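Engineer: give me a 3D structure for the following:
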Amino acid sequence: WGRGAIGTILTGYIIFIICFALAIIAFAVCLLRFNFIRGIGGLLFVSALFLIMGLVIYPVMYTNTLPVTGVGAFGWSYGFMWTVAIMAIGLAFFFCCLPNYEDQILGNVKPDYCCGTP
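Structural biologist: Numbering: from 1, shown residues only. Purely as a prediction, here's the structure:
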């Protein structure tokens, strides 16, 4: 169970790193800017799914197998991976919603002010 949980977590983390590299490439090349941003968002959802599966399996099986005594039985890496999972979920929503505002981001539409003209 330990190797399976770590393998699941590492799979999610590797997908997260691949999405980071793809996002840098997508925003660096003008032709690719908004073409596959939603695909990156979908990959981030898959990454978050793998991370959360591994992060749930690990403590459940750990506490069933070994007696847990004291505070801080999991260490800093467990908290780091929860941070990565939460970031993956937030970035997935961001990347999925970003193409809806492509014209506003690129400056193709006139800005709309709520309190009149500036």
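Engineer: which intervals of this protein have sub-threshold pLDDT?
Structural biologist: Applying pLDDT under 70 to the chain picks out residues 32-33, 62-64, 66-74, 100-108, 111-112, 116-118.
Engineer: that one: helices as residue ranges?
Structural biologist: 2-28, 37-65, 76-97, 102-106 (DSSP state H).
Engineer: can you pull the contacts of residue 93?
Structural biologist: Contacts for residue 93 (CB atoms under 8 Å, 6 or more residues apart in numbering) come out as residue 41. In short, each C-beta sits where N, CA and C put it, glycine included.
Engineer: so which residue is smack in the middle of this structure?
Structural biologist: residue 88 (1.3 Å; CA atoms, centre = their mean).
Engineer: wait, doesn't that residue sit right on residue 12?
Structural biologist: Yes: taking CB atoms under 8 Å as the definition, residue 88 is a contact partner of residue 12 at 7.4 Å.
Engineer: list residues touching both of these two?
Structural biologist: 47, 48, 51.
Engineer: using PDB, write out every CA atom in stretch 87-96.
Structural biologist: Provided in PDB are the C-alpha atoms of stretch 87-96 (Å, rounded to 0.1, in the frame of the first residue of the first chain):
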ATOM      1  CA  MET A  87      -3.000  24.600  -6.000                       C
ATOM      2  CA  ALA A  88      -3.800  22.000  -8.700                       C
ATOM      3  CA  ILE A  89      -7.500  22.400  -8.100                       C
ATOM      4  CA  GLY A  90      -7.400  26.200  -8.100                       C
ATOM      5  CA  LEU A  91      -5.200  26.400 -11.200                       C
ATOM      6  CA  ALA A  92      -7.400  23.900 -13.000                       C
ATOM      7  CA  PHE A  93     -10.400  26.200 -12.500                       C
ATOM      8  CA  PHE A  94      -8.300  29.200 -13.500                       C
ATOM      9  CA  PHE A  95      -7.100  27.600 -16.700                       C
ATOM     10  CA  CYS A  96     -10.600  26.300 -17.600                       C
END
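Engineer: please renumber the chain so that the first residue is 20 from this point on.
Structural biologist: Noted, 20 is the first residue going forward, which turns the last one into stretch 106-115.
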